[in-house]
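Participant: Need a 3D model of the sequence below.
(chains A and B)
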Amino acid sequence: NAGVMQNPRHLVRRRGQEARLRCSPMKGHSHVYWYRQLPEEGLKFMVYLQKENIIDESGMPKERFSAEFPKEGPSILRIQQVVRGDSAAYFCASSSDSREDEQFFGPGTRLTVL
Amino acid sequence: GQQVMQIPQYQHVQEGEDFTTYCNSSTTLSNIQWYKQRPGGHPVFLIQLVKSGEVKKQKRLTFQFGEAKKNSSLHITATQTTDVGTYFCARSNYQLIWGAGTKLIIKP
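Facilitator: This is a model prediction of the structure:
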């Protein structure tokens, strides 16, 4: 049973470009969470999705950031017109219906904005 | 927001010494989770505590949840180099609200 998959593992973008981060949850998991981590800090919640629905996006900036979890395929976190302050590690986690409180984390995508 | 405060930020120990990190909340927690993150790695779930006064052990790790469910601690006995990393507490309300973490550093 593969764990949570994220790709790419490292992503370099220039200011103004778009970044697309992908997350495939563990098999059988329908809950996906995205977190951002700056160096030497804890993780910050961004968004919580279930299949085709955004449940809570209270931690996600209103502009430039969007997330989706389509019926088929991975969850996507999209950052438009990236700025240097977007440089961070972005972690995806997933959980099952029966154990929503236990989240399994992917390896993360480390985004660097030049 | 209902934050979780975690101290200390860093702890330098000699190999074989003990390590402790503390989490505090101003409000009652329904549960507290602990994670370990190795340098360059991702958070790995260690344990969840839900009961008042709960104490759980995993080999050299001891996790406690306060009687008032407002604080928690993680204690590692006789640290080893494999323990190096950052230990986070987090409260779970479908989303995880994280403490800032305590980095365990083994002195050379």
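Participant: who touches stretch A:61-77?
Facilitator: Outside stretch A:61-77, the residues within contact range by Cβ atoms under 8 Å, 6 or more residues apart in numbering or on different chains are A:5, A:20-25, A:32, A:34, A:46-47, A:49-54, A:57, A:60, A:78-82, A:90, A:92. C-betas here are computed from N, CA, C, even on glycine.
Participant: please redo it, this time with the cut-off set to 6 Å
Facilitator: A:20-24, A:32, A:34, A:47, A:49, A:51-52, A:78-81 (Cβ atoms under 6 Å, 6 or more residues apart in numbering or on different chains).
Participant: Got the phi and psi for the residue nearest to residue B:61 when sequence neighbours are not counted?
Facilitator: Distances taken as Cβ to Cβ, 6 or more residues apart in numbering or on different chains place residue B:76 nearest to residue B:61, at 5.5 Å, with adjacent residues excluded. Per-residue torsions, residue B:76: phi -110, psi 130 (degrees, to the nearest 10).
Participant: tell me the mean pLDDT over stretch A:21-38?
Facilitator: Across stretch A:21-38, the average pLDDT comes to 95.
Participant: same check, this time on stretch B:70-89
Facilitator: Stretch B:70-89 comes out at a mean pLDDT of 96.
Participant: Let me see the contact set for residue A:94.
Facilitator: So residue A:94 contacts A:4, A:25-26, A:29, A:32, A:104 (Cβ under 6 Å, 6+ apart).
Participant: Just grab the bridge partners of the closest residue to chain A within chain B for me.
Facilitator: For chain B and chain A, the shortest gap (Cβ to the nearest Cβ) falls at residue B:98, measuring 3.7 Å. According to DSSP bridges, the partner residues bridging residue B:98 are residue B:90.
Participant: worst-scoring helix or strand of chain B, pLDDT-wise?
Facilitator: Using mean pLDDT, DSSP states H and E, strand B:95-98 stands out as the lowest-scoring helix or strand of chain B, at a mean of 86.
Participant: Give the buried residues for the helix or strand just after that strand.
Facilitator: Following strand B:95-98 in sequence order, the next helix or strand is strand B:102-106 (DSSP states H and E). Within strand B:102-106, the residues scored as buried using 16 or more other Cβ atoms under 10 Å in any protein chain shown are B:102-104, B:106.
Participant: Not counting sequence-adjacent ones, nearest residue to the residue in chain A positioned nearest to chain B?
Facilitator: Proximity of chain A to chain B (Cβ to the nearest Cβ) peaks at residue A:42, 3.7 Å away. Nearest residue to residue A:42, sequence neighbours excluded (Cβ to Cβ, 6+ apart): residue B:98, at 3.7 Å.
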